[in-house]
Structure formats: structure tokens, C-alpha cells
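Participant: quick one, fold the following:
(chains A and B)
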Amino acid sequence: MSKGYTISRIIFTVLLSFCIAGHILSSAADSMLSLPGIYTNIIRDEKLADKAYSAIEDDFKKQYNTTAIPTEVYMDAISTEWLEKEMCKRTEIYLDYIDGTYTDYLTNFTALEESITTFFNEYAESIDYKPDEAFDKKLSETIENAKSTIEQRMDAFYMNTLRDNGYLDKLRKFTPIIGIINWCLFGVSMLLVVLLAFIERNRNWRRLYWAGTGFFCGGALTAIPCIYLLFTNAVSSFAVKDPIIFTAVTDLLDTGIWRVMIRSILYIALGVITITLNVIFSKKEQTEITDKSK
Amino acid sequence: MNKSKNTKQSGTDKEQYMSRTSLILMPLLVLILCIAIAIPVLIRPYEKISTFTKIAFMDDMKTSGSSSLEIVNAEISKEYDGETYSDGEVVIPKFGEQYAALEIESIGLYVPVYWGSNAELLELGAVQSTSSTAAGSGGNVVIDAHVNTFFNELDKAVVGDKVTLYTQYGRFTYEVSELIEFRASDKKYVLPAKEEKLTLYTCEMQVFGSSEKRIGVVCKPVEMIYYNQKEAE
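Facilitator: So this is what the prediction gives:
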């Protein structure tokens, strides 16, 4: 086995390793951006709507000191079921936005608007106040403030903030590319596997040894940072301690890490199996050749 | 001749096959090589995002799930029977500490006063901005509270009403000297002053929602009693 051949095998194996690592990362990212089920499951499993309901109630309780509008006026018009439905719908809409198929969506706040209007009218009547321009202005301000308070709490994944700051638009440009990159890397990886097998075409049990090495190294390259993140529990040090955002974001990050981890483990396993088979059978092959030569 | 040919052939075959140890070690060596290539390539992108990640994943906030504000409620006695002084030491409290109790007997107002101003403290009583001076230290003592709760009756105060501020270091009596009205953006009444005075204010009670207008009283000092003597400088 000449040095030149060994070096070329190593170079192709290193290339294969990076292609596999890239394929693992891009396929995990692609699945995270294209599967709304990941997000809606987090909303349902972590009961984020219950947390949002309590947070909204607290917000309106605090606002009572300055607005004198009882919390029930708002809370009677919303429910956890409604919040969950809206949170899931909004997340799907934002994912569609990232995907480039955005359709404008407005949450139906009719019940809330009616509840606030009724309270204002009844209160005005109780103090013999004739509704005027100031009344209408205050009413519309209160409705807008209530909507914005609720919408803020429904945005568990920070999507609205990310969109307002232009991050979703940046992501939107990359989303179609991620899918293409993923398939390109997979294609290049397969080509390298074929190339490495071709180089070893004379050795039955050596054909996939270098490919196995590439799978193992590619998987390990992405698994090592994941293991570090999981062992140090780095995700839980997320600075935003708002219960809804913290739960949603850390769960999402954990899901992402595990998606990379599972893919890495699969490639490592594939690599280890291939290498083991090579170690066992290439020795037999070597013995047979040696025997024949005798 | 034939024997030597066979030996040569066998040697070439052996060379073409890596030993079992090499087969096992090779993947690890390739992995080390890959890591050695990846590290310098990834250093720059890592540096770019490290500022963001350090802020987004602050380790020191790992366990603090709630507000870092430590609210301290204190027992402030109206009936101090110890030794008193006409001049004394002012004790500046910590943010979030209840440092006084405010009383306007004529309108039935008696509320705790917290040092520092934020939404959480405004839930508990009246608050004094840390930018104003503590009672008894000579300056503008600015206290405010929500109109729907603690300062609900403040608009009923009239010129001449007695206002007492009981603190842990003294009792300070004032008299309402002026009824005031100003816009929230107008800082005229809350700015620091040279002479001791007490400014109390709240939002104007509105039929619906909060108002931009503030109403309150300015009080002049009548009696300053300290519970501790000022240390000689």
C-alpha cells in the first residue's frame, strides 16, 4: 500500500466526514424549520397556554392599579383552550412566513372587544357619563392595549420579536437553501463513499472501511458538541426567565440538540458496524490470501 | 527462485493489509485530524456569535427564576419613646426596603413607603424615588403611589393639613403648603431642591384608565425629630 494511496484515502475520508457532519446539521435544521408539529407539541406538552393565561392575568392585575378595569373583564373573554389554539395557529403562521408562504392572520378578539365595550358602557351608565370622543378614544386604547398584552404572551417562541427585528426575514432567505445544502451534502457523501469503495475495489471487506471511518468521524464531529451541551445543561442557563418563553425556547433548543444527537448516533453506529466488520473479515481475507500464496 | 517469488508476493500482501490495531486506530486518527481542521475554521464564527450566546445564556441567572428585587417590610412604630434629637443621622435604606410610614390624619391616609420605585413596589404601598432625598436630609422628598389604591384620597388634602413621615431614624412632620397639578412629563415638582420639603403626588383620577395628569401636594417641614444623634465629624 503506497503512501500516496493512503494519503488520498485519508483526504477523501476527511472530506466525507465533513460532508456527513454538514448533512447531519442541515437535515436537523431543515426538519426544525419545516415541521410545525415540533412547536405545537411543545405548546401542548408543556401546557404553555396555562402559563400564558396566568401571566396575562398577572399583567391585567398589575394594570388595574392604573386603569381600574377589573381583571375579569379581560379574563372572562379568553380561555386556556382558546389561547392554546391561537398559540399553535400563530406558530404555524410564523413557520409559513419562514417558509415563504405567509398568509396574513388576525387573531379573533371579538369576545374580548365585546367584554371591554360592555364594561365601559355599563360603567359610563352607572356614573351618568355620556359617551363622547374621549370615551371612544379611551375604549379603543384599552382594547388595543388588551390585545397587545395578550398577543405578547401568546408569542411563546419570540417569533414576533424576531420578525420585528428582521431575523425571520434573514432566516427566510436561508430556509430553501438549507434543504438544497442538505441534499447536496448527502449526494456528495454518497459519491465519496463510491469513490472510496472504488479505490478499494480489490479488497472485498475493505471496500467500505474508509466510508465507515467517514461515517464514524462525521457523526462524532456533531455528537461531541451535543454531548457537551447536554452534560453542561447549557440550555437551562437561557437568560430570559419568563416562564413561557423560557420553557418554549429551552424545549425547542433541546429538541434541536437531540435531533442532531440522534442523527449523529446513527452515523456513528453505522461507522462502528462497518469498521468492525472490516476488522473481522479483512483479517480472514488476509489469511486466505496468505494461505493461497503458500 | 520460485520460493523467493512466493516470499516477495506474501510480503506485498502483508503490506497491503493494515494490522488490526491500525484498522481500529485509523478512525480515531482521522477524527483527531478532522477536529484539528475544524477548530481553526470555526474560531472566527464562534467569536462572532460568542457575545450573543454569552448574553443569551448567562450562567449566573441559571437559578434565579424570579425577580432579583428583595422586598423588606419593616415594623415602623408611630409611638417612639426613646431619646430624640433635633439633628441626627439619616439612614439611607436599600432599594425595595420599607423605610417609612406616611400619615395624613385629616384624610385617613396611612401607607407604607418603600425606597425605590417600580411596579412591584407600587403594588405594596407608596414609593420614594431614589433620585430624591431621604426625609430629614434636607432636600425634596418625593413620594408617589397609585391613585386607585394608596393615594386614592390624596386629592382631598387641603392646605394646612398635617403630614407625618415616620421613619426608622426619626419622625418628620410637614404641613401642606401647596396643591399641585402637572403633566407626567413635567419634572418641575420632582426635581431635587436645596431646602427640605415633601412632595406627594399621584395620577389624576380619571373615569376611564390612566391619565397623563398628576395631582399632589407640596409640604413644608414643621418638626424634624431624629432618634439618633449625628456623629461629630
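
Participant: who are the packing partners of the host helix or strand of A:Leu266?
Facilitator: Following DSSP states H and E, one finds A:Leu266 within helix A:243-293. If you count contacts as 3 or more Cβ pairs under 8 Å, 6 or more residues apart in numbering or on different chains; DSSP states H and E, helix A:243-293 packs onto helix A:3-34, helix A:36-45, helix A:48-67, helix A:209-232, helix B:2-16, helix B:20-56. For glycine as for every other residue, the C-beta is placed from the backbone atoms N, C-alpha and C.

Participant: can you say which of those is nearest to A:Asp96?
Facilitator: helix A:36-45 (8.4 Å; Cβ to Cβ).

Participant: give me the distance from the closest one to the chain's centre.
Facilitator: 10 Å (Cα atoms, centre = their mean, to the nearest Å).

Participant: run a quick neighbour tally on the closest residue in space to B:Gln229 that isn't next to it in sequence.
Facilitator: Nearest non-adjacent residue to B:Gln229, counting by Cβ to Cβ, 6 or more residues apart in numbering or on different chains: B:Tyr85, 4.9 Å away. Number of residues near B:Tyr85 (other Cβ atoms under 10 Å in any protein chain shown) recorded here: 14.

Participant: and the pLDDT at B:Tyr85?
Facilitator: For B:Tyr85, the model assigns a pLDDT of 86.

Participant: tell me where chain B has strands.
Facilitator: Counting by DSSP state E, one finds strands in chain B at the ranges B:98-104, B:109-115, B:126-128, B:140-144, B:162-167, B:170-183, B:197-203, B:213-226.

Participant: so which residues on the stretch 51-200 of chain A come close to chain B?
Facilitator: A:62, A:64-69, A:120, A:123-124, A:127, A:129, A:135, A:138-139, A:141-142 (Cβ under 8 Å from any Cβ of the partner chain).

Participant: and with 10 Å instead?
Facilitator: Residues of the stretch 51-200 of chain A lying near chain B by Cβ under 10 Å from any Cβ of the partner chain: A:61-69, A:119-120, A:123-124, A:127, A:129, A:134-135, A:137-139, A:141-142, A:145.

Participant: buried subset of the residues you listed?
Facilitator: Restricting those to buried positions leaves A:63-69, A:119-120, A:124, A:135, A:138-139, A:142, A:145, with burial counted as 16 or more other Cβ atoms under 10 Å in any protein chain shown.

Participant: ok, the residue nearest to B:Gln229 - contacts?
Facilitator: B:Gly170, B:Met224, B:Ile225, B:Tyr226, B:Tyr227, B:Asn228, B:Gln229, B:Lys230 (Cβ atoms under 10 Å, 6 or more residues apart in numbering or on different chains).

Participant: generate a ChimeraX selection restricted to the buried subset of these.
Facilitator: The ChimeraX command for the buried members of those (criterion: 16+ other Cβ under 10 Å) is given here:
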select /B:170,224,225,226,227,228
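
Participant: between the contacts of B:Tyr85, which sits nearest A:Ser282?
Facilitator: B:Asn228 (90.1 Å).

Participant: correct me, but that closest one touches B:Tyr80?
Facilitator: No. The criterion here is Cβ atoms under 10 Å, and B:Asn228 misses it with B:Tyr80 at 11.1 Å.

Participant: who touches both of the two?
Facilitator: B:Gln168, B:Gly170.

Participant: low-confidence bits of the stretch 151-294 of chain A, can you list those?
Facilitator: A:203-205, A:283-294 (pLDDT under 70).

Participant: tally of neighbours for residue 47?
Facilitator: Using chain A here. 13.

Participant: oops, chain B please
Facilitator: 9.

Participant: same question for A:Ile24.
Facilitator: 26.

Participant: which ones are touching A:Ile275?
Facilitator: A:Ile275 neighbours (Cβ under 10 Å, 6+ apart): A:Leu208, A:Tyr209, A:Trp210, A:Ala211, A:Gly212, A:Thr213, A:Phe215, A:Phe216, B:Leu23, B:Ile24, B:Met26, B:Pro27.

Participant: wait, doesn't A:Leu185 sit right on A:Ala29?
Facilitator: No. Applying Cβ under 10 Å as the test, A:Leu185 and A:Ala29 come out as separate, 11.8 Å apart.

Participant: still on that earlier bit, now distance to B:Thr199 and pLDDT too, for the contacts of B:Tyr85, in JSON lines please.
Facilitator: Listed next are those as JSON lines, based on distance: Cβ to Cβ, whole Å; pLDDT from 0 to 100:
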{"residue": "B:Gly170", "distance to B:Thr199": "19", "pLDDT": "91"}
{"residue": "B:Met224", "distance to B:Thr199": "17", "pLDDT": "91"}
{"residue": "B:Ile225", "distance to B:Thr199": "21", "pLDDT": "91"}
{"residue": "B:Tyr226", "distance to B:Thr199": "21", "pLDDT": "90"}
{"residue": "B:Tyr227", "distance to B:Thr199": "24", "pLDDT": "88"}
{"residue": "B:Asn228", "distance to B:Thr199": "25", "pLDDT": "84"}
{"residue": "B:Gln229", "distance to B:Thr199": "28", "pLDDT": "78"}
{"residue": "B:Lys230", "distance to B:Thr199": "25", "pLDDT": "73"}
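
Participant: and the helices and strands packed on helix A:243-293, which is most packed in?
Facilitator: When the helices and strands packed on helix A:243-293 are scored by mean count of other Cβ atoms under 10 Å in any protein chain shown, the highest mean neighbour count falls to helix A:209-232 (a mean of 22).

Participant: just want the angle from that one to helix B:20-56.
Facilitator: 40 degrees (axes from the mean of the first three to the mean of the last three Cα atoms, to 10 degrees).

Participant: how far does helix A:209-232 sit from the chain's center?
Facilitator: Counting by Cα atoms, centre = their mean, helix A:209-232 comes out at 20 Å from the chain centroid.

Participant: gap between the residue nearest to B:Gln229 and chain A?
Facilitator: 38 Å (Cβ to the nearest Cβ, to the nearest Å).

Participant: now do the same for the spatially closest residue to B:Asp155 that is not a sequence neighbour: its pLDDT.
Facilitator: Using Cβ to Cβ, 6+ apart and skipping the chain neighbours, the partner closest in space to B:Asp155 is B:Ile215 (5.7 Å). pLDDT recorded at B:Ile215 is 92.
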